[in-house]
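> Sequence unavailable; structure follows:
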């Protein structure tokens with residue numbers, strides 16, 4: 001009866017739930033770009049208002065050295081369990097804008113092959129406004145139907161996409177306020193809409209920027225070409241040397257602490273359904289590439305990586321300009337696995353990159369942000385509650401998976417609050433997170449709102 005009452009409330013408020021999400025998606029809360037500062041603050045205020053409307057108490061926009069954290073709570077009985085919900089309201093930059101089929105901050109519903117019922121196309125629709133807002137609406141459902149079985153606390157931050165630099169200090173200052181029993185996060189994906197899954201691991205991250213400088217100015221490529229080092233050429237060669245012919249990373253000491261899974265653990269991972277043909281078709285590629293000896297799922301889940309995220313230098317405007325650039329730049333990220341440490345890997349990278357530079361150039365390496373890898377137990381009450389909730393709404397038991405992405409703050413939750421996190425995502429890897437035409441299925445949005453209250457029910461039992 002309880003589930004029927006909740007579902008009736010969801011069904012009668014579907015349009016409003018969607019329109020409210022659209023209002024959030026229209027605000028360009030890009031935390032990485034200072035020109036959007038006011039919009040990020042505006043989004044925090046909007047999240048605060050929605051939490052109040054949903055029934056939360058003590059809701060406030062908490063100031064930090066960076067963008068604020070939105071906090072709210074509902075304590076129905078201090079003796080009951082407390083679920084701490086984490087999410088983020090900031091989004092990635094929308095660039096390149098010309099590759100979007102519709103404007104990134106004007107949410108549009110379009111049907112796709114994977115989302116025949118329709119998907120919301122907008123920056124932040126899946127990562128993480130759509131998934132974060134499922135929790136606000138699921139909380140509203142429980143409040144309005146008088147079915148909230150335990151206490152809940154919300155902390156919704158505005159700096160996840162830039163490494164959460166302010167959340168750590170804020171958590172340390174608010175340990176008492178954040179006391180709870182589990183962290184619930186929806187910022188991950190499921191295998192497919194008919195194959196539910198729950199991530200039991202996240203990779204860590206070390207993000208670097210490199211600058212290679214040659215001559216003291218841009219040079220005429222005819223007068224100086226072939227006689228002076230070209231920083232762009234040198235940078236490309238240096239980056240290429242960071243992998244060998246088997247796509248193994250060549251930085252000395254890089255793999256020293258990598259946790260290697262047993263054959264039995266790898267066999268268990270291999271049970272997760274994976275269609276290589278569909279994978280290649282979705283990405284419009286003819287073949288895959290990666291570290292020799294590992295499957296695609298292993299390469300994105302249990303193995304570390306090194307990738308160029310951006311590279312530039314010299315003339316990039318229209319037409320031709322024959323110059324040797326004075327400088328060349330690249331942004332490089334390394335995804336890490338247990339038991340690698342982001343600070344150690346950053347130091348190893350910097351030492352190595354400086355050591356392989358020829359004398360003809362100068363190299364500057366600047367670490368940006370990082371985070372630690374995480375593994376979640378499948379034997380905990382919280383995980384079993386999430387699994388049971390998904391099994392009830394999807395009709396099949398979710399598959400435990402290792403996620404390729406990073407949520408740097410998860411390790412901090414464990415360290416500072418002593419709390420494990422349940423990675424209760426409902427998006428799809430094919431939803432173009434961080435890319436043009438990011439989208440989130442209507443099926444996924446409403447399925448999350450339907451499933452989250454069941455987690456509360458079973459976790460409180």
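Okay, I see it. Predicted model only: the values in this text are computed from it and were never measured.
> Centroid-wise, who is the farthest residue in the protein?
In terms of distance from the mean C-alpha position of the chain, residue 223 ranks first, at 47.1 Å (C-alpha atoms, centre = their mean).
> Which parts of this structure belong to which domain?
Listed by automatic domain parsing, the domain ranges of the chain are 2-202+373-460, 204-258+304-371.
> Count the neighbours of the residue nearest to residue 451 when sequence neighbours are not counted for me.
Nearest residue to residue 451 in three dimensions, chain neighbours excluded: residue 393, at 4.5 Å (C-beta to C-beta, 6 or more residues apart in numbering). Every C-beta, even on glycine, is put in place using the N, C-alpha and C of the backbone. Neighbour count of residue 393, defined by other C-beta atoms under 10 Å: 16.
> all strands for the stretch 351-461 of the chain, in order.
Counting by DSSP state E, counting those that start in this stretch, the stretch 351-461 of the chain has strands at residues 362-371, 374-375, 399-402, 421-423, 427-428, 439-441.
> And residue 376, what's its pLDDT?
pLDDT recorded at residue 376 is 89.
> Turn the domains of the chain into a markdown table, including distance to residue 267.
Output for the domains of the chain, formatted as a markdown table (distance: least, C-beta to C-beta, whole Å):
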| stretch | distance to residue 267 |
| --- | --- |
| domain 2-202+373-460 | 13 |
| domain 204-258+304-371 | 18 |
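> Just say which of those is most tucked in.
domain 2-202+373-460 (a mean of 20; mean count of other C-beta atoms under 10 Å).
> Give me the distance between the two termini of it.
Across domain 2-202+373-460, the straight-line distance between its terminal residues is 15 Å, by C-alpha to C-alpha, to the nearest Å.
> if I look at the residue farthest from the centre of the chain, how far off is residue 322?
10 Å (C-beta to C-beta, to the nearest Å).
> Same question for residue 392.
Distance from residue 392 to residue 322, by C-beta to C-beta: 65 Å.
> again, but for residue 382
61 Å.
> same thing with residue 153?
Counting by C-beta to C-beta, the gap from residue 153 to residue 322 is 60 Å.
> pLDDT value on residue 1, please?
Model confidence at residue 1 (pLDDT) stands at 70.
> Near it, how many other residues are there?
With other C-beta under 10 Å as criterion, residue 1 counts 6.
> could you list every residue that touches residue 295?
Applying C-beta atoms under 8 Å, 6 or more residues apart in numbering, we find residue 295 in contact with 270, 274.
> For residue 238, grab phi and psi.
phi -60, psi -40 (degrees, to the nearest 10).
> got a list of what it touches?
Residue 238 touches 212, 353, 356, 357, 363, counting by C-beta under 8 Å, 6+ apart.
> quick one: it from residue 323, how far?
20 Å.
> Please give the element, helix or strand, for residue 303.
Residue 303 is part of no helix or strand when elements are defined by DSSP states H and E.
> wait, isn't it in contact with residue 292?
No. Judged on C-beta atoms under 8 Å, residue 303 makes no contact with residue 292 at a distance of 10.7 Å.
> Of those two, give the one with the bigger neighbour count.
Using other C-beta under 10 Å as the criterion, residue 303 and residue 292 rank with residue 303 on top: 24 against 9.
> now the stretch 1-150 of the chain, which segments are flagged as low pLDDT?
The model of the stretch 1-150 of the chain has no residue with pLDDT under 70.
> what ranges do the strands span in it?
57-62, 69-74, 82-88, 108-110, 119-121.
> Dump these into JSON lines; add distance to residue 5 as well.
Below are these laid out as JSON lines (distance: least, C-beta to C-beta, whole Å):
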{"stretch": "strand 57-62", "distance to residue 5": "23"}
{"stretch": "strand 69-74", "distance to residue 5": "18"}
{"stretch": "strand 82-88", "distance to residue 5": "20"}
{"stretch": "strand 108-110", "distance to residue 5": "28"}
{"stretch": "strand 119-121", "distance to residue 5": "27"}
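> Out of those, the one nearest residue 259 is which?
strand 82-88 (24.9 Å; C-beta to C-beta).
> Contacts for the closest one next, please.
Here strand 82-88 has contacts from 75, 128, 131-132, 135, 139, 150-161, 178-187, 409, 413, 417, 419, 421, 455-456, 459, using C-beta under 8 Å, 6+ apart.
> And stretch 282-290, by the same measure?
Stretch 282-290 is contacted by residues 247, 276, 279, 280, 296, 299, 303, 430 when judged by C-beta under 8 Å, 6+ apart.
> Let's have these in CSV, adding secondary structure and distance to residue 447.
As requested, the contacts of stretch 282-290 are exported to CSV (DSSP: H, G, I helix; E, B strand; the rest coil; distance: C-beta to C-beta, whole Å):
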residue, secondary structure, distance to residue 447
247, coil, 36
276, helix, 26
279, helix, 23
280, helix, 27
296, helix, 26
299, helix, 28
303, coil, 30
430, helix, 16
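> Closest one to residue 373 out of these, please.
Nearest member of those to residue 373, counting by C-beta to C-beta, is residue 303, at 11.4 Å.
> got the contact list for that closest one?
Contacts of residue 303 (C-beta under 8 Å, 6+ apart): 258, 290, 291, 294, 337.
> Among those, which are located in strands?
In strands, defined here by DSSP state E, there are no members of these.
> What is the nearest of those residues to residue 54?
residue 337 (37.4 Å).
> From residue 257, how far off is the closest one?
In terms of C-beta to C-beta, residue 337 sits 9 Å off from residue 257.
> So for those two, which residues contact both of them?
Counting by C-beta under 8 Å, 6+ apart, nothing touches both residue 337 and residue 257.
> Which among the domains of the chain is found nearest to residue 272?
Nearest to residue 272, of those and by C-beta to C-beta, is domain 2-202+373-460 at 5.1 Å.
> That closest one: how far from the chain's middle?
Centroid separation for domain 2-202+373-460 versus its chain: 11 Å, with C-alpha atoms, centre = their mean, to the nearest Å.
> Repeat that for stretch 325-342.
17 Å.
> Check stretch 197-211 too.
Here the centre of stretch 197-211 is set off from its chain's centre by 9 Å, with C-alpha atoms, centre = their mean.
> What is the end-to-end distance of that stretch?
OK, stretch 197-211 end separation, C-alpha to C-alpha: 41 Å.
> Contact partners for residue 138?
For residue 138, the contacting residues are 448, 449, 452, 453, by C-beta under 8 Å, 6+ apart.
> Quick check: helices, which of the residues you listed are part of them?
By the criterion of DSSP state H, membership of those in helices covers 448, 449, 452, 453.
> and the nearest residue to the first one once chain neighbours are set aside, what does it touch?
By that I understand residue 448. Nearest non-adjacent residue to residue 448, counting by C-beta to C-beta, 6+ apart: residue 134, 3.7 Å away. Residues near residue 134 by C-beta under 8 Å, 6+ apart: 186, 426, 445, 448, 449, 452.
> now residue 101
Residue 101 neighbours (C-beta under 8 Å, 6+ apart): 110, 121, 437.
> Kind regards, and thank you for your time.
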